[in-house]
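Visitor: Build me a model from this:
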Amino acid sequence: MVHKNVKIELIVNQLRQNSPDCISVVFERPINFIYEAGDWIDVDFADTSYIGGKTYSLSSSPTESELTISFREGISPFKKKLQSVQPGDKMYISQYGNDYGFHLNDNRSSVLIAGGIGIAPFRSMIKEMFDMRAKNDVQLIYLNKNDDFLFEDEFNEWKHLLPNISIEYVVTKDLKRKAREKLLHSLIGNTAYSCYIAGPAGMVNSTSSLLEKSGVEAKNIRVDNFGLY
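Guide: Numbering: from 1, shown residues only. Have a look, this model is predicted:
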């Protein structure tokens, strides 16, 4: 469900440099703001509007007291402004929700495939699983161009305490396309699950096609394309 034409005030708590090229903006959570792990928000500034992508998956969990968006640094006017916010700055949510079923099914095993900053919604999902001590089986396959994996320390802690979660970290810098496809085949195994893919459009589309060729039904694949701006 998508909530449109809203204007929910956000107040910046902090700007966090997660890696040399990835940033998180942490906001105070508005009173009575309810969302699901995997949801996104459209944000804008209170003073004026800037050109550029304004839709971000929430990397925070519904079980947490703050709202967090995590993203790769960009060059659009909006991204430049967002990368320089200060504690106390005001922004607002203009719409939020989820219109493509990007929510975990508690009654079915799931495979999550993240490409780079596409890890953001999966951090939300796995944090919620950890806080709720969920019992469903989840496998996270985290593809990144180098070994600087966002949220790695948190993931390793949660995996240690929740044996039904497995995580594979894959550095893709020196992996050719065929080698990556072969590796994904070997990691995923059978097709009795729901699949979630998040990351740049090219990675999402190629991975979705690979899963379908492997026997996963299209209805069991959910995708979240991250724009570059």
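Visitor: helix or strand right after the worst-scoring helix or strand of the chain on mean pLDDT?
Guide: When the helices and strands of the chain are scored by mean pLDDT, DSSP states H and E, helix 177-188 comes last with a mean of 82. Next along the chain after helix 177-188, taking DSSP states H and E as the criterion, comes strand 194-200.
Visitor: mind exporting that following strand as PDB, just the C-alpha atoms?
Guide: Provided in PDB are the C-alpha atoms of strand 194-200 (Å, rounded to 0.1, in the frame of the first residue of the first chain):
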ATOM      1  CA  SER A 194      10.400 -16.400  -2.400                       C
ATOM      2  CA  CYS A 195      13.200 -14.300  -3.900                       C
ATOM      3  CA  TYR A 196      13.900 -10.600  -3.300                       C
ATOM      4  CA  ILE A 197      16.400  -8.600  -5.400                       C
ATOM      5  CA  ALA A 198      17.500  -5.100  -4.700                       C
ATOM      6  CA  GLY A 199      20.200  -3.000  -6.300                       C
ATOM      7  CA  PRO A 200      21.100  -1.200  -9.500                       C
END
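Visitor: that older thread, packing partners for the least confident helix or strand of the chain?
Guide: strand 138-144, strand 165-171, helix 201-213 (3 or more C-beta pairs under 8 Å, 6 or more residues apart in numbering; DSSP states H and E). The C-beta positions use only the backbone N, C-alpha and C, and glycine is treated the same way.
Visitor: Buried residues, the first one. List them.
Guide: This points to strand 138-144. Buried positions in strand 138-144, judged by neighbour count with 16 or more other C-beta atoms under 10 Å: 138-144.
Visitor: and after it, which helix or strand comes next?
Guide: helix 152-161.
Visitor: quick one: contacts of that following helix?
Guide: 123, 126-127, 129-130, 140, 142, 149, 165-167, 169 (C-beta atoms under 8 Å, 6 or more residues apart in numbering).
Visitor: Many thanks, have a good one.
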